[in-house]
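1. What follows is a protein structure lacking sequence information:
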């Protein structure tokens, strides 16, 4: 099934028009045909549609039903993720989107080897939007610009903070309600960073005795946190 | 830290000898040096060692402590996984090993597009052993030959069976004790397969309303099942 995010302006009088890159992709790559069904998400509403015509890169469809989206977690799951080598960071964005992360905050941690350029954010957003469509999300998770840990901590003030730390005594368990999750780089947090996280109210948790790669740890933690 | 699986024959009189491909890898790729510490796993025991010499592809070490391994789940987590395209299946083996899967059973499901050759098993075993060393497992998970669903179900008779099914009513939750987990291919289980799984005592569970890619679903499920 087609699942895509559209702007409110693309919908008028029960009709949906998809052009530009998304129209081209549907028409040329996915080769959609009249009669095919899909869901267009706009402002948290699911608009079920049936394709009426495909001309060039423009797909026109008729809306058959509108209903509130129900695939979102219902609370915030903010991932403060230390930047990682590009392929790993993309993998975290992709899988994190699938499991429901609502906001990604790339952290320039002390032991982050990668130093992403500001224009990397465009790529990150494209990765997240594609994953949000594939996983049938009800909104596109936000990706902020890379920032320092103190800046990130100011941005989540008031939200319960879970800190992944392999040396923590407590095992991470499912939680209810909004939560921020802080995950370090391949080399882990420095002592100063851990102190700042705890100072900001963060509670350290472990994922157990096995060593998870940097690309898997945040995903496993997000899965556990959203398992209720 | 070096972490590797050795045979009992490599340990004698408090000394450990690593040669062959693993010795070559340690000496030439990881460039270990005398004084470096590591853990050699044999028969569920962790032998802590200190490297004494590196000559050619042979690494010799002195054992400093032996203790029972504690990084295993303590129960079986058997993953009956429909075969997937190669890169996806390797990703499942790798991440599944990190989160504690004890046995991988590749299933030739009706909608499995991939048809792995029997010699694929050697590669799967290599992927799993490497992941087991990286994640500090206490044993190398078993990888069986690909088999049919009826054959796989006979092999897990008596073990509680969790079946991933996006249409199931119940959300998967952490469980105690040994469990088998059955996960279908990209296109999902057929009606006949689902019926056979339920007939064998399988209980269908969903991972929630979002669509997880075939390479992520089994990992997310294994994370939840082993979260206690």
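-> Arrived safely, thanks for sending. Keep in mind that what you see is a predicted model, and the values were worked out from it rather than measured.
2. shouldn't residue A:161 be in contact with residue A:197?
-> Yes. At 7.0 Å, residue A:161 and residue A:197 qualify as touching, with contact defined as Cβ atoms under 8 Å. For glycine as for every other residue, the C-beta is placed from the backbone atoms N, C-alpha and C.
3. Neighbour count: these two, which is higher?
-> Neighbours per residue (other Cβ atoms under 10 Å in any protein chain shown) separate residue A:161 from residue A:197, with residue A:197 holding more: 24 against 21.
4. Surely the more buried one touches residue A:191?
-> No. In this structure, residue A:197 is not within contact of residue A:191 by Cβ under 8 Å, at 10.8 Å.
5. State the pLDDT value of residue A:113.
-> Looking at residue A:113, its pLDDT is 89.
6. And the residue nearest the centre of chain A?
-> By Cα atoms, centre = their mean, chain A has its centre lying nearest to residue A:97, at 3.3 Å.
7. Using the three-state scheme, assign that residue.
-> Secondary structure for residue A:97, judged by DSSP: H, G, I helix; E, B strand; the rest coil, is helix.
8. Skipping adjacent residues, who's closest to it in space?
-> Closest residue to residue A:97 apart from its sequence neighbours, by Cβ to Cβ, 6 or more residues apart in numbering or on different chains: residue A:131 at 3.8 Å.
9. element containing that neighbour?
-> helix A:120-134 (DSSP states H and E).
10. Repeat that for residue A:21.
-> Applying DSSP H and E, one finds residue A:21 within helix A:20-24.
11. Which residues does that helix contact?
-> Residues outside helix A:20-24 that contact it (Cβ atoms under 8 Å, 6 or more residues apart in numbering or on different chains): A:4, A:57, A:58, A:59.
12. Am I right that the third one is in contact with residue A:16?
-> No. Contact between residue A:58 and residue A:16 fails when scored by Cβ under 8 Å: they sit 11.1 Å apart.
13. Between the two, which is the more surrounded one?
-> Taking other Cβ under 10 Å, residue A:58 and residue A:16 do not tie; residue A:16 has more neighbours (22 against 15).
14. neighbours of the residue nearest to residue A:97, just the number please.
-> Neighbour tally, residue A:131, other Cβ under 10 Å: 21.
15. Show the contacting residues for it.
-> Residues in contact with residue A:131, defined by Cβ under 8 Å, 6+ apart, are A:93, A:94, A:95, A:97, A:98, A:137.
16. what comes up buried for the next helix or strand after the helix holding residue A:21?
-> Per DSSP H and E, the first helix or strand lying C-terminal to helix A:20-24 is strand A:37-42. By 16 or more other Cβ atoms under 10 Å in any protein chain shown, the buried positions in strand A:37-42 come out as A:38, A:39, A:40, A:41, A:42.
17. ok, of those, which one's closest to chain B?
-> Nearest to chain B, judged by Cβ to the nearest Cβ, of the buried residues of strand A:37-42 is residue A:39 at 11.7 Å.
18. partner residues bridging the residue of chain A most remote from its centre?
-> Relative to the centre of chain A, the most outlying C-alpha is that of residue A:55, 32.4 Å out, by Cα atoms, centre = their mean. Beta-bridge partners for residue A:55, by DSSP bridges, are residue A:58.
19. tell me the pLDDT at residue A:24?
-> pLDDT at residue A:24 comes out at 96.
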